[in-house]
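# With the sequence up front, the predicted model follows.
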Amino acid sequence: RPRRTIRIGLWTGEEQGLLGSRAYVKEHFGDPQTMQLKQPMHGQFAGYFNVDNGTGAIRGVYLQKNQAVAPIFQAWMAAYNDPRMHTLSANNTGETDHLSFDAVGLPGFQFIQDPVDYGSRTHHSNMDLFERLVPNDMKHNAAVVATFVYLTANRDEKLPRKPAPSVQ
């Protein structure tokens, strides 16, 4: 049993402005417009991991300029011992649901993935079908996400947080 609750979110309206994740964060954790945070939920939150780019194999994590988390993720990737999973980018990547969490000072991260069909006419089209999934990538991704979520849920401390953002 994990030490912390694990929730899985399947958001709607990501392409229309992160509508589902923004509504969830506002209801449970705080309003990024006013930075009025909802306790105790905001304080208890440990971390959020997002997979958004289709079937491509996960290669690493965007740290969202949260350098304090880098040694933790490096250790997890080393223990995972998969040569495909080795990249940490300090940079922010945009337009995915992790930004809703980051906007209220919660540690939210997007995985770095191979761009299989992401920028083509397939992704987000009527040709974006189950048959286009790469089974080995999906198995790898499930294992990576499960590892990061499980290790986050069982840490003594929550994942490090960046300084709280200012009112938007």
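Okay, I see it. Residues are numbered from 1 along each chain as shown.
# ok, and what's touching the longest helix along the chain?
What stands out as the longest helix in the chain, according to DSSP state H, is helix 135-154. With contacts defined as Cβ atoms under 8 Å, 6 or more residues apart in numbering, helix 135-154 is touched by 2-6, 46-47, 49, 51, 55-58, 61, 73, 76, 80, 82, 84-85, 111, 113-114, 116, 159. Heads up, the C-betas are built off the backbone N, CA and C, glycines and all.
# Would you mark the buried spots in stretch 74-93?
Of all the residues in stretch 74-93, those buried under the rule 16 or more other Cβ atoms under 10 Å are 76-77, 85, 88-89, 93.
# Equivalent analysis for stretch 136-156, please.
137, 140-141, 144-145, 147-149, 151-152.
# circling back: in helices, which of the contacts of helix 135-154 appear?
Secondary structure from DSSP H places 73, 76, 80 of these in helices.
# contacting residues around the first one?
If I follow you right, that is residue 73. Residue 73 touches 61, 63, 88, 148, counting by Cβ under 8 Å, 6+ apart.
# Which pLDDT value goes with it?
For residue 73, the model assigns a pLDDT of 97.
# Same question for residue 52.
Predicted confidence (pLDDT) at residue 52: the value is 85.
# Next: residue 117.
69.
# again with residue 95
So residue 95 comes in at 84 (pLDDT).
# number of nearby residues for it?
Applying other Cβ atoms under 10 Å, we find 12 residues neighbouring residue 95.
# next one: the one 4 residues further on
By the measure other Cβ under 10 Å, the count of residues near residue 99 is 21.
# Now the helix or strand harbouring it: buried residues?
Assigned by DSSP states H and E, residue 99 falls within helix 98-102. Buried residues in helix 98-102, counted by 16+ other Cβ under 10 Å: 98-102.
# so how far is it from its chain's centroid?
Distance, stretch centre to chain centre, for helix 98-102: 8 Å (Cα atoms, centre = their mean, to the nearest Å).
# do stretch 130-141 as well
Distance, centroid of stretch 130-141 to centroid of chain: 19 Å (Cα atoms, centre = their mean).
# could I get that stretch in PDB with only the CA atoms?
Extracted in PDB, the C-alpha atoms of stretch 130-141 (Å, rounded to 0.1, in the frame of the first residue of the first chain):
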ATOM      1  CA  PHE A 130      -5.700   2.700 -31.400                       C
ATOM      2  CA  GLU A 131      -3.900   0.800 -34.200                       C
ATOM      3  CA  ARG A 132      -1.300   3.600 -34.300                       C
ATOM      4  CA  LEU A 133      -0.100   2.900 -30.800                       C
ATOM      5  CA  VAL A 134       3.300   1.300 -30.400                       C
ATOM      6  CA  PRO A 135       2.700  -1.500 -27.800                       C
ATOM      7  CA  ASN A 136       6.300  -1.600 -26.500                       C
ATOM      8  CA  ASP A 137       6.300   2.200 -26.000                       C
ATOM      9  CA  MET A 138       3.000   1.900 -24.100                       C
ATOM     10  CA  LYS A 139       4.300  -0.800 -21.800                       C
ATOM     11  CA  HIS A 140       7.500   1.200 -21.200                       C
ATOM     12  CA  ASN A 141       5.500   4.300 -20.500                       C
END
